[in-house]
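**Student:** need a structure here:
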Amino acid sequence: MVRRVRTGLGGQGLTTLSTFADVERFAAMGTRVELHRFGAGETNALAVARRTIEAVDDALTIHRPSPTTAVNERLMAGQDAAIDDPVLLDALMAIEEAYAATLGLFDPAADRRFASDGWGNVTFDRMTARIAAARPVGLDFGGFGKGFALDRACAALRLAGVGSACLSAGESSIAVVGQHPLGGGWPFAIPHPSWPDQMLIELELDDESLSISSTVGAGTQAPERAATIRPGDGMAVTGARCTAVIDRLGARAEAMSTALIVADDARAALLIGERPTHRFLFDLSQGAPVPAPSARMQLQ
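**Tutor:** Below you'll find the predicted structure:
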């Protein structure tokens, strides 16, 4: 249910700003989703954004019957499949681009049961909307699905005239529309997963998305949480790492943050070097907090 409140927003050295704020909270994609809209926009904007996210969940989930599970059944049986669902088709096109951009390190078909079998063995024809695999594979969109869903929700909000909003799917997938209601970027601080009172990094987003991935911390111990799989050998990544990636698109940020978790040193350096103020990798294996750099000035 959307709750409309009259909110006073103020800060040190700033004139107090009074604006309408809508809030929508619900469960989707196995996590808590929050949508916050500030200022102008159609009255049902958040309800439309919610339906957009739920449509992505319905299309990409592997935890109940869905277009993705139907495709997986055929791929696991060695059969090709037609992609009839437009949301799934768009997601697969985004996956294809993300796989190339991450040097093959983001792989939604990586599976420890099949070792080297993954997206590299998949043939996806976007023109005919068909997919096939040389060997049995199954698709698992994972965190990518959350970023993809937030992207579509942000697009729906912009179409509804919303100029300022903050969206989150869990605590690891965040997207903002426009600038903060007070102007400027939206500030975020990422805590150390093992020492919450220590900050890894402080960031500001401006009409951007943020993805955080980690192999340590309370969230990684959840019973339903799947291990991060390294493409190529299908082994679970056990090193203590945390990544943070900023991108205009949440799907791309999710793919890159996952890629940096599984990357070897050479490929991690290459990927970070392409956008050093937007991609961060923290080695937490030393068992002590790392200094918290600030990227606020770099990102302005």
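
**Student:** Can you give me the end-to-end span of stretch 152-165?
**Tutor:** Criterion Cα to Cα, to the nearest Å; first-to-last residue distance in stretch 152-165 is 13 Å.

**Student:** Show me which positions of that stretch end up buried.
**Tutor:** Of the residues in stretch 152-165, 152-154, 156-158, 160, 162-165 count as buried by neighbour count, 16 or more other Cβ atoms under 10 Å. Glycine gets a C-beta too; all of them are placed from N, C-alpha and C.

**Student:** how far is that stretch from where the chain is centred?
**Tutor:** Using Cα atoms, centre = their mean, to the nearest Å, we find the averaged C-alpha position of stretch 152-165 to lie 17 Å away from the chain's own average C-alpha position.

**Student:** any low-confidence regions in the chain?
**Tutor:** Counting by pLDDT under 70, the chain has low-confidence residues at 1-19, 110-117, 217-239, 286-300.

**Student:** For the chain, which segments count as strands?
**Tutor:** With DSSP state E as the definition, the chain shows strands at residue ranges 3-9, 17-28, 31-38, 81-82, 122-125, 130-133, 164-169, 173-177, 186-191, 199-205, 209-214, 241-247, 279-283.

**Student:** For the protein, which segments count as helices?
**Tutor:** Per DSSP state H, the chain has helices spanning 45-60, 67-76, 86-101, 142-159, 250-262, 265-274, 296-299. These are given in chain order.

**Student:** To residue 31, which of those lies closest?
**Tutor:** In terms of Cβ to Cβ, the element of the helices of the chain nearest to residue 31 is helix 142-159, at 7.1 Å.

**Student:** Against which helices or strands is the closest one packed?
**Tutor:** Contacts defined by 3 or more Cβ pairs under 8 Å, 6 or more residues apart in numbering; DSSP states H and E place helix 142-159 against strand 31-38, helix 45-60, helix 86-101, strand 164-169, strand 173-177, strand 209-214, helix 250-262.

**Student:** got the contact list for the first one?
**Tutor:** With contact meaning Cβ atoms under 8 Å, 6 or more residues apart in numbering, strand 31-38 is reached by 7, 9, 19-27, 45-46, 49-50, 53, 146, 153, 157, 162, 164-170, 181.

**Student:** Can you tell me the closest non-neighbouring residue to residue 192?
**Tutor:** Using Cβ to Cβ, 6 or more residues apart in numbering and skipping residues adjacent in sequence, the residue nearest residue 192 is residue 198, 4.2 Å away.

**Student:** coming back round to it: turn the helices and strands packed on helix 142-159 into CSV, including distance to residue 67.
**Tutor:** CSV is the format used below for the helices and strands packed on helix 142-159 (distance: least, Cβ to Cβ, whole Å):
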stretch, distance to residue 67
strand 31-38, 20
helix 45-60, 5
helix 86-101, 5
strand 164-169, 20
strand 173-177, 21
strand 209-214, 24
helix 250-262, 17
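
**Student:** Tell me the spacing between the residue nearest to residue 192 and residue 282.
**Tutor:** In this view, residue 198 and residue 282 are 11 Å apart by Cβ to Cβ, to the nearest Å.

**Student:** quick one, which of the two is more surrounded?
**Tutor:** A direct count of neighbours by other Cβ atoms under 10 Å for residue 198 and residue 282 places residue 282 higher, at 20 against 14.

**Student:** gap between the residue lying closest to that one once chain neighbours are set aside and residue 65?
**Tutor:** If you skip the residues right next to it in sequence, residue 282 has residue 242 as its closest partner in space, 4.5 Å away by Cβ to Cβ, 6+ apart. Residue 242 is 34 Å from residue 65, where distance means Cβ to Cβ.

**Student:** picking up where we left off before, most neighbours per residue, which of the helices of the chain?
**Tutor:** Between the helices of the chain, helix 250-262 has the highest mean count of neighbours, a mean of 28, where neighbours are mean count of other Cβ atoms under 10 Å.

**Student:** Tell me the helices and strands packed up against that helix.
**Tutor:** Other elements packing on helix 250-262 under the criterion 3+ Cβ pairs under 8 Å, 6+ apart are helix 86-101, helix 142-159, strand 173-177, strand 209-214, strand 241-247, helix 265-274, strand 279-283.

**Student:** Output these as CSV; include the columns distance to residue 35.
**Tutor:** Putting the helices and strands packed on helix 250-262 into CSV (distance: least, Cβ to Cβ, whole Å) gives the following:
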stretch, distance to residue 35
helix 86-101, 18
helix 142-159, 7
strand 173-177, 10
strand 209-214, 14
strand 241-247, 20
helix 265-274, 30
strand 279-283, 26
